Every structure is written in C-alpha cells, then in structure tokens.
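Asker: 3D, please:
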Amino acid sequence: MKRDFIVTVLIVGAVSMTFVPKVSSADDDGTHGFEAMLFEEVPVVVISAMGREQKQQDVSQPMTVLTQEDIRRSGAKSLSQLFLRVPGMQVRSDNGYHNYVSVRGEAGTLTNNLLVLVDGAVVFNPAFNGTRWHAIPVTLDEIERVEIIRGPGGVLYASNAVLGVVNIITKSSRAKEKNSVEAKGGSLTYNGEAFGVNHQFKEEKWGVRGYGQHDKQFGWDDQHGVKAHQRLERYLFGVRSDYQINDQGQVSFSARGSEVTSFPNIVLTAIKTHASTFLGNLDLNYKFSDFYDMSLKNNFTYHIASILGLNDEDTYTNDVTMQNNFTYDLMGDHVTSLGTEYRNTRVITTPDLVRNTDYTHNTTSFFLNDEYKPSENWVFTAGVRADKPSSLKNNDPKLDAWLLSERVSGIYKFDEHHSVSASVTSEYRFPSYNAEEELYWEFFPGFAIEGNINLEPEKLWNYDLGYHGLFLEDKLNVNLAAYFYTLEDVIVCDIFGPQFIYRNHGEIDGYGVELDSRYHINNRWSVYGDYSYILLSDDKINTPTPYTALQGKTTNLSRHMIGSGARYTAGPWEADFYVKYFSGLRAADFFGAEGVHIDGYWKPAFRAAYSFKLAGKYDTTTELVVNDFFNSNVYETVSRYEREAQVFLGVKVLF
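Answerer: Predicted coordinates:
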C-alpha cells in the first residue's frame, strides 16, 4: 500500500514535468490555425452535469469533453476506442472488436456502474444493467461531442450513474454540415462503408439528417494457442430532425437502430449471437422568460439479444423526464432545477433462462438541485433525488420508502487561470432484472445461476477533490482529481452448493488520482498526457467462499495507467501518435479459483492523414491508421485472445 502511494506520487510528478516542453520563441507557420487539442475545453458549454447548459468551469465533477476534432483525429473505428485517452477509464480489448469499458472500477464484459446515454436517452440494457458498446446505433461521424463525467452523476440521473456517465451528443440537423461518403479497409479482413446526408428547410429553421454504416471484421484468432476465428458484422442507421419553433424554443426528433451479428467460429456459422438496439427520442426545450425555462424528453429504447438465432431476451424501456429551471437573484445568482422522471421497463425472455418470461417494473423519481454563485469566485451546488423502483419487492421495510441520493459541492476560482473543487455524493445502483429475481439458468444438469428476490440496492458514498490550472500564457492546461468512495451492499454472484446465487456482500473501498495535461507548443505541434491510479479494497467483505467473482471486483483492473501523445498539423497534413501503458492485473475467471494474471502491456495508436480537393471541388481526406503495432501477442482480458496489430486505410469525401 505504502509502495503504491510512493509510486503514484513519483509518476504524477514525472507526468507533470514531461508535458512542460521548452517554449518556442515564435510559433511556426501552418495553414491550419490549430487550437483544438485533445481534451480542449471546447465547447465551454456542457449539458450533462445539470441537464441544462452551463460553463464547464462551473462543473464540480471531473469531466472530459471529446470534440469532433478529437474523434476524427483519434483513428478510432468504434465508439469504445475513443475512451482509451480519457484518464480514469479502463479500456481493454477482448478479441479485437469487443472492448471492456469502465470508470474508476473493474472493466468486465458488462459494466453495471456506468450510465451511457445518446442525446440523454439511456442505452444500457436494464435486464442486466450493462452496455453493448458495438450495438450503440451512432456512427462516429454523427457525434458532435462526448461528455464524460468521471464519478457519480449527481441527482440528475437514476440507477447506474454510480461511477460515471457517458453522454453521446449527436449533431443537430440544423447545423450546416456537408453530405459525406466514407470507406475503410485493412487487415483482420476489416472493411466499412458509411454515409451522411443533411438538408435544411424554411430558412434553416428546420433540418433533417440521416446516416448509415456497415462494417465487418475478423477478430484475433489465437486464443491461448487455440484457433478460434471470430467475425463481427454491424449495420448502424438513423435519422434526426430539428425544428426551431421561435427564438425561445426548439423541438428535436430522432430514430436510430443497429443490427449486430457475431460468429464465435467461422466454421460453425450456425453458432452466432445477435444484438439489436433501437432508440427513439423526442425533446422539447423552451425558454418562457429570463426567469423560467423547461425541457421535456420522451425516450424509447428496444433491445434484442439472441443466441443460436433465437430471441432470448427482448427489453422495452420508455423514459419520460421533465426539468424546470428557475433563474433568479437572491443574495447572489441562483439556478434552481426541479424535475421528475418516470421509467417503465418490460423484459420478455425465453422460458429456459428465467422463471418469469414477461416481467415489468418501473421507477418514479423526483429531483431538486440549486446552483448558487454568491460572487464571481464561488460556485456552490446542492441537490437531492428521490427514487422509488417497483422492482425492489423484498421484505425490507426501508425499501418501502423512497431512496434518497444527495450531492453537495463547491468550486473556488482563484482567478481565471486556477480553481479548486470539492464534492460529496451518495448514489444508488438498483439490482438488474436478472440478478434481482427472475434469472434461473441451468447450464449443466443440477448446476445453475439463480437470481435473488432479497437483494438490496448498492449504495455509494463518493468524495472528490479537483484542481484546474493554466500556465505558460495559457498554453499548458493541467487537471488533477483525487477521490475516495465506499460502495455498500455490493452485489456479487456467489457459489452456494451446486448453484451460483446473487447476494449482497459488504463493502468495497476505492481511492485514486487522475491527471491530464496538454501543452500547445505552436500552430503545428501539441503534446498531451494522462495518468491514473486506482486501488480497490475488499477487506470489509464477508463471503462464505473465496469465489473469484468477488475478488474480480477489486483485481480486474490496472492500478496504473499512463499515456502520452503528440499531434502535428502542417497545411493539408495531420499526424497523431498516442501510447498508453496498463499495469498488470488479475482478471477473475468465472470457474477458475485463481483467475488469470495479465502482465503489464503497452497500447499504441498512430494516424496520418492528407486532405485535398477531389476534381477541384470536393473536400477529400485520406488516412492511414495503425493500432497495436508493438507489444502484440499479449492478451488484455480473461478470454486470452492474443492481440494482433491492425492497419487500415480510409477515404472520406464531402459534397
């Protein structure tokens, strides 16, 4: 423990010094006025923290914003790959196309403590409280930005916003975006095609935008010495329409879908898994006066999960949220938000997986939050949320009442260059549909996984400290966060006789630090880096057996992650390089007593691009992307697929 703390301090210091290069006496010339860098605080207006527009410097939670520039220059071909460069996020590739993603905790197949949204619509599957990243029906080119809250989401969000929130915000159809076509192809038999179209009507008050994408590739084929060829094929599609009612209001509608098929073995093509996601959003925002504005959202989500070609699980979720914001002056500036949310979920499953094949539950919520600025230097927030989920049906009297989540925070701005923040938050994570009650899967005669009607929700107490600073004529940007949390009534799947049963098992304590730093040298060069340290302890957990699923809650993550990168722009040329080191970990094996030890490894990525006019009038960009080009033949997850380098080329034409 003491050694880990010393190592942490040394690395934080080293990273901070590494990203303060010698200042050039004069900026080099470049045809691109390159100001946007990775993790640039652009846009300064965000919406995920409070459900309304606010300046990012007024957000007390540690937050990272990935802009269009970041996404385009990352070279990522899937959504989950974007998070590799975010401090505090564990991103590990399982088989070449499926990634494990988490914030401040274990990175497993289906992380249940990270809330994922698309334009505010929940896309995690409440049946198992996890997210299928490759089935999210949004292409990278359609994303305006991604706002990532590291830590609990506050009183705005219900269950699953325990350790983080990812809000994927798509482009407005009223924006003047050109139409596009794109094609990519490379090793691992990877190929993809995409398009986007955009049109405005009525003096640009009304717009319609549509997109589609198809891609497929083979995964890594060496599974610890055994050939296990895999293949993934995806179709993503959607449409969004925005209409400006007047200067005070706007209404938006979107419909999106995905069809994803994966084959565990290309020889046995009858063995396949299938996942589909369909999203529908209807949003109304209206400002009645300088005192009062409101937003009304109705989101519908439909998930399909299939194995061996059968529809094993269909999940329908309808969510309605109304938020009212009141702006006024009372011994300082206030913005008070009062809202309500109602979420209804229906799960239909095959009889051989659950006791009840048609199950419905709902959650009713109310939330109140106030942001108070007594002066230009101080920002205080305080809020409370009350949730009543019908799924908690055991005999515990305290669960018959409303579950309360609270948050208080403060920010002090020394000046426009330096600020500190602190917050205390409590959150609940409700048991999933499967874990709570209905699951009964007998995968061997007399040996099954069983749900538990007596589960209590997990409760988190989280404490955050933060610092933001600008140095060297605002060219060096440093963000530092430190946190401690206690997760009570942890839910694990524990062996009990011949069965695995979901149970509550005490507490997990976690603490860590997160640092990201970037330096804009001149119009051509910028450098950036990040470092994260996390330690989880299960010392307080009581369990009748040393089952590895419990141990995996604290060991299935890298304690140290350190990344470094550079970005270069010169006229039509762009180049980006990033590499990250993940320290070793022990991944829990579902049946093995010891799990799988994974050595520390490096994860590199490189992208080079050249832009030109095709036929003298069409903006065209060609790119070369190389991933994992050294330190290959390692494995990153318990599946033990040995990593392979991947190279692909891409071309995109705007018209």
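Asker: tell me the pLDDT of residue 263.
Answerer: Predicted confidence (pLDDT) at residue 263: the value is 69.
Asker: what about the helices in the protein?
Answerer: 2-18, 68-74, 433, 548-555 (DSSP state H).
Asker: which of these comes out lowest on mean pLDDT?
Answerer: helix 2-18 (a mean of 38).
Asker: so who does the residue minimising distance to the centre of the chain touch?
Answerer: Nearest residue to the geometric centre of the chain (Cα atoms, centre = their mean): residue 166, 3.8 Å. Contact analysis of residue 166 by Cβ atoms under 8 Å, 6 or more residues apart in numbering lists 83, 114-117, 146-149. Any C-beta I mention is one placed from the backbone N, CA and C, and that applies to glycine too.
Asker: for it, name its beta-bridge partners.
Answerer: Legend: beta-bridge partners of residue 166 under DSSP bridges are residue 116, residue 148.
Asker: how about residue 182?
Answerer: Applying DSSP bridges to residue 182 gives these bridge partners: residue 194, residue 652.
Asker: try residue 502
Answerer: Beta-bridge partners of residue 502, as defined by DSSP bridges: residue 493.
Asker: what does residue 217 give?
Answerer: Under the criterion used here (DSSP bridges), residue 217 is bridged to residue 232.
Asker: tell me how many other residues surround it.
Answerer: Neighbour count for residue 217, taken as other Cβ atoms under 10 Å: 23.
Asker: which residue comes closest to residue 488 once chain neighbours are left out?
Answerer: Spatial nearest neighbour of residue 488, excluding adjacent residues (Cβ to Cβ, 6 or more residues apart in numbering): residue 459 at 4.6 Å.
Asker: what are the ranges of the strands in the stretch 151-300 of the chain?
Answerer: Using DSSP state E, counting those that start in this stretch, the strands found in the stretch 151-300 of the chain span residues 164-170, 180-186, 190-201, 206-218, 222-223, 226-227, 231-244, 249-263, 273-287, 292-307.
Asker: the nearest residue to residue 515 once chain neighbours are set aside bridge partners, please.
Answerer: Of all residues not flanking residue 515 in the chain, residue 531 sits nearest, at 4.6 Å (Cβ to Cβ, 6+ apart). Beta-bridge partners recorded for residue 531 (DSSP bridges): residue 515, residue 562.
Asker: distance of residue 531 from residue 602?
Answerer: Relative to residue 602, residue 531 is positioned 15 Å away (Cβ to Cβ, to the nearest Å).
Asker: out of the two, which sits in the busier spot?
Answerer: Ranked by neighbour count (other Cβ under 10 Å), residue 531 and residue 602 place residue 531 first, with 27 against 14.
Asker: touching, the more buried one and residue 564? I think so.
Answerer: No. Look at residue 531 against residue 564 with Cβ atoms under 8 Å: they stay out of range, at 9.4 Å.
Asker: what residues are up against residue 619?
Answerer: Contacts of residue 619 by Cβ under 8 Å, 6+ apart are 178, 611, 613, 653-654.
Asker: one more pass at 10 Å, please.
Answerer: 178, 180, 611-613, 652-655 (Cβ atoms under 10 Å, 6 or more residues apart in numbering).
Asker: next: residue 285.
Answerer: By Cβ under 10 Å, 6+ apart, the neighbours of residue 285 are 52-53, 245, 248-252, 293-297, 323.
Asker: if we use 6 Å, what do you get?
Answerer: Applying Cβ atoms under 6 Å, 6 or more residues apart in numbering to residue 285 gives the contacts 250, 295.
Asker: just the local confidence number for it, please.
Answerer: Residue 285 is assigned a pLDDT of 94 by the prediction.
Asker: beta partners of it?
Answerer: Going by DSSP bridges, residue 285 forms beta bridges with residue 250, residue 295.
Asker: tell me how far it lies from residue 609.
Answerer: From residue 285 to residue 609 the distance is 36 Å (Cβ to Cβ).
Asker: run through the stretch 251-400 of the chain and note the low-pLDDT ranges.
Answerer: Within the stretch 251-400 of the chain, the stretches with pLDDT under 70 are 263-272, 307-311, 350-357, 391-400.
Asker: is residue 425 in contact with residue 152, as I believe?
Answerer: Yes. Contact criterion Cβ atoms under 6 Å: residue 425 and residue 152 qualify, at 4.4 Å.
Asker: which residue, other than its chain neighbours, is closest to residue 47?
Answerer: residue 53 (5.7 Å).
Asker: ok, residue 208 next?
Answerer: Leaving aside its chain neighbours, residue 208 sits nearest to residue 241 (4.9 Å; criterion: Cβ to Cβ, 6+ apart).
Asker: so how far is residue 643 from the closest residue to residue 601 other than its chain neighbours?
Answerer: Leaving aside its chain neighbours, residue 601 sits nearest to residue 634 (4.6 Å; criterion: Cβ to Cβ, 6+ apart). Distance, residue 634 to residue 643, by Cβ to Cβ: 5 Å.
Asker: who has more neighbours, those two?
Answerer: Neighbour count, other Cβ under 10 Å: between residue 634 and residue 643, residue 643 has more, with 20 against 16.
Asker: OK, contacts around the more buried one?
Answerer: 628, 632, 634.
Asker: ok so, going back, give me whichever of the strands of the stretch 151-300 of the chain is most buried.
Answerer: Across the strands of the stretch 151-300 of the chain, averaging neighbours per residue (mean count of other Cβ atoms under 10 Å) puts strand 164-170 on top, at a mean of 25.
Asker: and the angle from it to strand 273-287?
Answerer: 80 degrees (axes from the mean of the first three to the mean of the last three Cα atoms, to 10 degrees).
Asker: can I get strand 164-170 in CSV? Just the C-alpha atoms.
Answerer: Written as CSV, here are the backbone C-alpha positions of strand 164-170 (Å, rounded to 0.1, in the frame of the first residue of the first chain):
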residue,chain,number,x,y,z
GLY,A,164,-19.5,7.6,-14.3
VAL,A,165,-21.8,9.0,-17.0
VAL,A,166,-21.1,9.0,-20.8
ASN,A,167,-23.4,11.2,-22.8
ILE,A,168,-23.0,10.9,-26.6
ILE,A,169,-24.4,14.1,-28.1
THR,A,170,-25.1,14.0,-31.9
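Asker: quick one, it and strand 249-263 angle?
Answerer: Using the same axes, to 10 degrees, strand 164-170 lies at 110 degrees relative to strand 249-263.
Asker: off-centre distance for strand 164-170?
Answerer: Here the centre of strand 164-170 is set off from its chain's centre by 6 Å, with Cα atoms, centre = their mean, to the nearest Å.
Asker: avg pLDDT for it?
Answerer: Per-residue scores along strand 164-170 average to 92.
Asker: angle of that strand against strand 206-218?
Answerer: Going by the same axes, to 10 degrees, strand 164-170 makes 120 degrees with strand 206-218.
Asker: where along the stretch 451-600 of the chain do the strands fall?
Answerer: Using DSSP E, counting those that start in this stretch, strands in the stretch 451-600 of the chain cover 458-471, 476-488, 491-496, 499-504, 507-520, 525-537, 560-570, 573-582, 585-587, 596-598.
Asker: could you give the mean pLDDT of the first one?
Answerer: Same thing as strand 458-471. Here the average pLDDT along strand 458-471 is 94.
Asker: got the CA coordinates for that strand in CSV?
Answerer: Provided in CSV are the C-alpha atoms of strand 458-471 (Å, rounded to 0.1, in the frame of the first residue of the first chain):
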residue,chain,number,x,y,z
GLU,A,458,-25.9,-1.0,-3.8
LYS,A,459,-25.1,2.4,-2.2
LEU,A,460,-22.2,4.7,-3.0
TRP,A,461,-20.6,7.4,-0.9
ASN,A,462,-18.1,9.4,-3.0
TYR,A,463,-15.7,12.2,-2.2
ASP,A,464,-13.9,14.2,-4.9
LEU,A,465,-11.2,16.9,-4.9
GLY,A,466,-10.2,18.7,-8.0
TYR,A,467,-7.8,21.3,-9.4
HIS,A,468,-7.7,23.1,-12.7
GLY,A,469,-4.8,25.3,-13.8
LEU,A,470,-3.5,27.2,-16.8
PHE,A,471,0.2,28.0,-17.1
